[in-house]
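A.B. asks: any chance you can model this:
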Amino acid sequence: LKVIPVEENFFSKAAILYESVEIEGKDGADYYELGYQPLEKDLELQILDTSLIDEIMAWLNGSGILEYEGRVTNARFYSSYDIDRFVTLKKASVSYIRDPFWTPVLDEYDVVTTNVYNTGNIYSFPMIKLTGTGTVDITVNNVRFTYTFNGEPYVEIDCESGKEKYNGLSRSRQLSIGMDYPKLNPGVNIITIHSGTCMIEMKRKDRWL
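C.D. replies: Next up is the predicted model:
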């Protein structure tokens, strides 16, 4: 659409959402981290072809994927902007909201064995695919769980949403796990198969602030 950013300032660190509790008789406060906030960013754009205004407006509207330097995140254009500037100045100042984390553009399942490496700089919640038979007992980075294959070749465990599915159908009754699903810290994360045999694959394992 012949639109280019005046300045490529897409990388910024998200703020941590927190609560502070002051206790009578105690200096300072206790802080509780509640996760990372979305980022709201301003973007100055150069419009090279003003005949494409309708297409540009449709493009910079709603949610979509932002790709930059081999990484992707979710971006949302919800704010209003001045259309007259598009035509007269051939520039546009828009704002958008993006998720606090980036993941790789190419994100496919990789086979893992005794460990898995998160090349990013922040924890990630991977997608785990198990292929096997019978019951397997596995620990991933200190989270232990068992899964029983019930005549089906594989299961996909989404550690972010806490859902496990085969061919789009829920298989939560076949998974025994505590309150927490596996989380991968930056660097090496240990995998242990205590019993059973299966192939372990993971994707969405790398994540950056």
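A.B. asks: read off the pLDDT value for the residue of the chain positioned farthest from its centre.
C.D. replies: The outermost residue of the chain relative to its centre, with distances by Cα atoms, centre = their mean, is Gly25 at 41.1 Å. In this model, Gly25 is scored at 78, pLDDT.
A.B. asks: assign a three-state SS to it, would you?
C.D. replies: coil (DSSP: H, G, I helix; E, B strand; the rest coil).
A.B. asks: change the start of the numbering to 21 and stick with it
C.D. replies: OK, 21 is where the count begins now, so the last one is Gly45.
A.B. asks: roughly how far does it sit from Asp62?
C.D. replies: Plainly put, Gly45 is 44 Å away from Asp62 if you go by Cβ to Cβ, to the nearest Å. C-beta: built from backbone N, CA, C; applies to glycine.
A.B. asks: ok, Gly207 touching Asn135?
C.D. replies: No - judged on Cβ atoms under 8 Å, Gly207 makes no contact with Asn135 at a distance of 9.7 Å.
A.B. asks: where does Asn76 fall, secondary structure wise?
C.D. replies: Heads up, residue 76 is Ile, not Asn. helix 73-79 (DSSP states H and E).
A.B. asks: how far off centre is that helix?
C.D. replies: 27 Å (Cα atoms, centre = their mean, to the nearest Å).
A.B. asks: stretch 151-167 too?
C.D. replies: Centre-to-centre, stretch 151-167 and its host chain are 23 Å apart (Cα atoms, centre = their mean).
A.B. asks: in that stretch, what's buried?
C.D. replies: Gly152, Val156, Ile158, Val160, Asn161, Phe165, Tyr167 (16 or more other Cβ atoms under 10 Å).
A.B. asks: part of a helix, is the third one?
C.D. replies: Put plainly, it is Ile158. No - applying three-state DSSP, one finds Ile158 to be strand, outside a helix.
A.B. asks: how about it, what does it touch?
C.D. replies: Leu150, Arg164, Phe165, Thr166, Tyr167, Ile211, Thr212, Ile213, His214, Cys218, Ile220 (Cβ atoms under 8 Å, 6 or more residues apart in numbering).
A.B. asks: taking these one by one, which sit in strands?
C.D. replies: With strands defined by DSSP state E, the entries of the contacts of Ile158 inside them are Leu150, Arg164, Phe165, Thr166, Tyr167, Ile211, Thr212, Ile213, His214, Cys218, Ile220.
A.B. asks: in the protein, which spans are helices?
C.D. replies: 73-79, 103-108 (DSSP state H).
A.B. asks: format those as JSON lines; extra columns: mean pLDDT and mean neighbour count.
C.D. replies: Converted to JSON lines, those look like this (pLDDT from 0 to 100; neighbours: other Cβ atoms under 10 Å):
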{"stretch": "helix 73-79", "mean pLDDT": "90", "mean neighbour count": "14"}
{"stretch": "helix 103-108", "mean pLDDT": "72", "mean neighbour count": "12"}
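A.B. asks: now the terminal residues of stretch 31-49, how far apart.
C.D. replies: Start-to-end span of stretch 31-49 (Cα to Cα, to the nearest Å) is 31 Å.
A.B. asks: follow-up on the earlier one: which among the buried residues of stretch 151-167 gets closest to Gly182?
C.D. replies: The shortest approach to Gly182 among the buried residues of stretch 151-167 belongs to Phe165, at 11.5 Å (Cβ to Cβ).
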